[in-house]
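1. test case, fold it:
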Amino acid sequence: MLAEIITIGDEILIGQVVDTNSAWMGEKLNEIGISVKQITSISDNKHAIIQGLTEACAHADIILITGGLGPTKDDITKHSLCDFFGSKLRVDEAALENVKGLFKRFNRPMLEVNLKQAEVPDNCSVIQNQNGTAPGMWFDYNNKIIVSMPGVPFEMIGMMESYVLPQLKERFNINNIIHKTIITAGIGESFLAKEIEEIEDNLPSNIKLAYLPKLGQVRLRLSATGTNKEQLNNEVNHFAKQIIEKVNEHVIAVDDISIQEAILKTLSENNKTLSTAESCTGGYIAHLITSIPGSSKAFMGGAVTYSNELKQQMVGVKAETLENHGAVSEETVKEMAIGALKTYNTDYSIACSGIAGPDGGTPEKPVGTVWVAVASKNDVIAKKFLFGNKRIQNIERTAINGLYMLWKLIKTQ
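-> Alright, predicted model coming up:
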């Protein structure tokens with residue numbers, strides 16, 4: 001079974017709204033064994049909508065549409081669907097009662113245009129909207145299923161969970177799709193591929209390996225399709241074990257989680273604590289850590305010591321260290337890491353100081369020069385990095401590489 005997702009709206013094409021609907025739908029369709037062949041974004045234009053539908057029907061069995069079902073003149077999806085199917089609009093009484101009920105519940109005045117929300121093409125099955133006024137529409141057309149839903153995410157999600165996904169599972173005999181994700185860091189995508197080349201070459205035709213690189217890390221995803229779910233799990237686990245054994249020193253987690261989540265999980269399980277002392281990242285490392293629910297079990301806090309004065313005051317860097325070696329140096333970040341341990345009374349710390357850019361570099365220390373240190377009560381390790389001249393990427397690379405250093409230190413303790 002192949003699906004296509006079509007999102008309708010000029011606001012998506014001009015970048016005013018980020019399309020989160022497609023990502024959510026793609027994930028949920030994949031969970032029930034339906035592969036998404038293509039995701040298309042289309043403007044609020046009747047010709048574009050009809051052309052998009054025509055093309056989708058040529059290569060997909062299921063077409064899911066979101067957007068363009070509001071009460072204003074720019075919302076033309078229903079009229080475009082009528083033209084595509086050669087149908088006419090009718091009033092759905094259940095949808096009309098839903099619209100009236102919502103306005104009554106919130107004690108809001110209702111306009112004639114709001115009542116038109118209950119109009120639907122006469123050849124569709126109506127999906128009632130429990131979270132808004134615009135109903136969804138299900139079409140059976142030339143052995144294809146076409147579903148149109150509102151673009152408001154929580155309204156679309158409600159329809160998908162209560163009606164669309166259950167109907168699709170009931171309608172089709174769908175193959176199982178099994179995924180297993182391995183998170184790696186400290187090794188580039190090409191080097192990683194070289195290390196596991198023989199394993200990848202021996203994968204059966206129903207198992208695929210995908211490389212999903214980000215700054216400083218690579219996710220490996222094994223995906224298997226077939227009818228026997230238990231057998232698929234066994235096969236995927238077999239090859240995952242081979243990969244893990246081959247690149248074990250770079251494996252952070254055997255799950256689709258972030259490196260900071262893996263660190264926090266390990267620290268929490270061992271009743272250990274963490275603090276930070278950041279300069280060039282401006283608190284970004286602490287932000288990544290605290291974005292994980294439950295981070296307070298292990299993360300005590302930290303300092304953003306942008307200036308030399310605060311490096312001295314907040315984490316105890318010596319004045320002579322800064323004078324003799326500068327803020328961006330091995331000596332300074334080591335003292336920052338040790339100072340964070342002492343100041344915040346933690347088991348581990350991570351510190352960084354560098355030149356994120358785009359200016360501030362010198363011939364000796366160009367933009368992108370970063371020192372990172374990680375410390376425990378028994379050890380402190382520092383490493384120099386030479387990144388590029390892009391500020392945001394330098395901050396992200398510093399954080400991920402620092403977290404990887406911290407992960408390695410924790411695993412050796």
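
2. buried sites along the host helix or strand of His179?
-> According to DSSP states H and E, His179 maps onto strand 176-185. Going by neighbour count (16 or more other CB atoms under 10 Å), the buried part of strand 176-185 is Asn176, Ile177, Ile178, Lys180, Thr181, Ile182, Ile183, Thr184, Ala185. C-betas here are computed from N, CA, C, even on glycine.

3. for stretch 224-238, same thing?
-> Of the residues in stretch 224-238, those buried (16+ other CB under 10 Å) are Ala224, Thr225, Gly226, Leu232, Glu235, Val236.

4. wait, doesn't Gly316 sit right on Ala337?
-> No - in this structure, Gly316 is not within contact of Ala337 by CB atoms under 8 Å, at 10.7 Å.

5. ok, these two, which is more surrounded?
-> Per other CB atoms under 10 Å, whichever of Gly316 and Ala337 has more neighbours is Ala337, with 27 against 15.

6. quick one, what contacts that one?
-> For Ala337, the contacting residues are Ala277, Ser349, Ile350, Ala351, Ala373, Val374, Ala375, Val380, Ala382, by CB atoms under 8 Å, 6 or more residues apart in numbering.

7. can you redo these as JSON lines with neighbour count?
-> JSON lines is the format used below for the contacts of Ala337 (neighbours: other CB atoms under 10 Å):
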{"residue": "Ala277", "neighbour count": "33"}
{"residue": "Ser349", "neighbour count": "30"}
{"residue": "Ile350", "neighbour count": "29"}
{"residue": "Ala351", "neighbour count": "35"}
{"residue": "Ala373", "neighbour count": "27"}
{"residue": "Val374", "neighbour count": "27"}
{"residue": "Ala375", "neighbour count": "29"}
{"residue": "Val380", "neighbour count": "18"}
{"residue": "Ala382", "neighbour count": "20"}
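
8. restricted to strands, list these.
-> Those of those mapping onto strands are Ala277, Ser349, Ile350, Ala351, Ala373, Val374, Ala375, Val380, Ala382, per DSSP state E.

9. for Asn175, give me the pLDDT.
-> On pLDDT, Asn175 comes in at 84.

10. what do you get for Gly52?
-> On the pLDDT scale, Gly52 gets 96.

11. quick check: Gly136 touching Val152?
-> No - counting by CB under 8 Å, Val152 is not a contact partner of Gly136; they are 11.5 Å apart.

12. where's Val370, which helix or strand?
-> Going by DSSP H and E, Val370 is in strand 369-376.

13. helices and strands around that strand, which ones?
-> In terms of contacts (3 or more CB pairs under 8 Å, 6 or more residues apart in numbering; DSSP states H and E), strand 369-376 is packed against helix 330-344, strand 348-354, strand 380-386, helix 391-412.

14. format the ones you listed as JSON lines; extra columns: distance to Ile146.
-> What follows is these, written out as JSON lines (distance: least, CB to CB, whole Å):
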{"stretch": "helix 330-344", "distance to Ile146": "57"}
{"stretch": "strand 348-354", "distance to Ile146": "51"}
{"stretch": "strand 380-386", "distance to Ile146": "51"}
{"stretch": "helix 391-412", "distance to Ile146": "40"}
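
15. what's the closest of those to Leu53?
-> Set against Leu53 and scored by CB to CB, those come closest in helix 391-412, at 38.4 Å.

16. may I ask which helix or strand encompasses Ala3?
-> Using DSSP H and E, Ala3 maps to strand 2-8.

17. so what touches that strand?
-> Strand 2-8 is contacted by residues 19, 21-22, 25-26, 29, 34-44, 49, 52-53, 56, 59-68, 77, 151 when judged by CB under 8 Å, 6+ apart.

18. how about a cut-off of 7 Å?
-> With contacts defined as CB atoms under 7 Å, 6 or more residues apart in numbering, strand 2-8 is touched by 19, 21-22, 25-26, 29, 34-42, 44, 49, 52, 56, 59-68, 77.

19. stretch 256-276 now?
-> 181, 183, 185, 217, 252-253, 285-286, 288-289, 292, 295, 297-302, 340-341, 344, 346-350, 400, 403-404, 406-407, 410.

20. before we move on, what about stretch 353-372?
-> Applying CB under 7 Å, 6+ apart, the set of residues contacting stretch 353-372 is 279-280, 327-330, 332-333, 336, 352, 382-391, 394-395, 398, 401-402, 405.

21. out of those, which end up buried?
-> For the contacts of stretch 353-372, buried by 16+ other CB under 10 Å: 279-280, 327-329, 332-333, 336, 352, 382, 385, 387, 391, 394-395, 398, 401-402, 405.

22. would you map the helices across the stretch 1-150 of the chain?
-> Ranges of helices within the stretch 1-150 of the chain are 10-13, 21-31, 46-59, 77-85, 93-105, 112-115, based on DSSP state H, counting those that start in this stretch.
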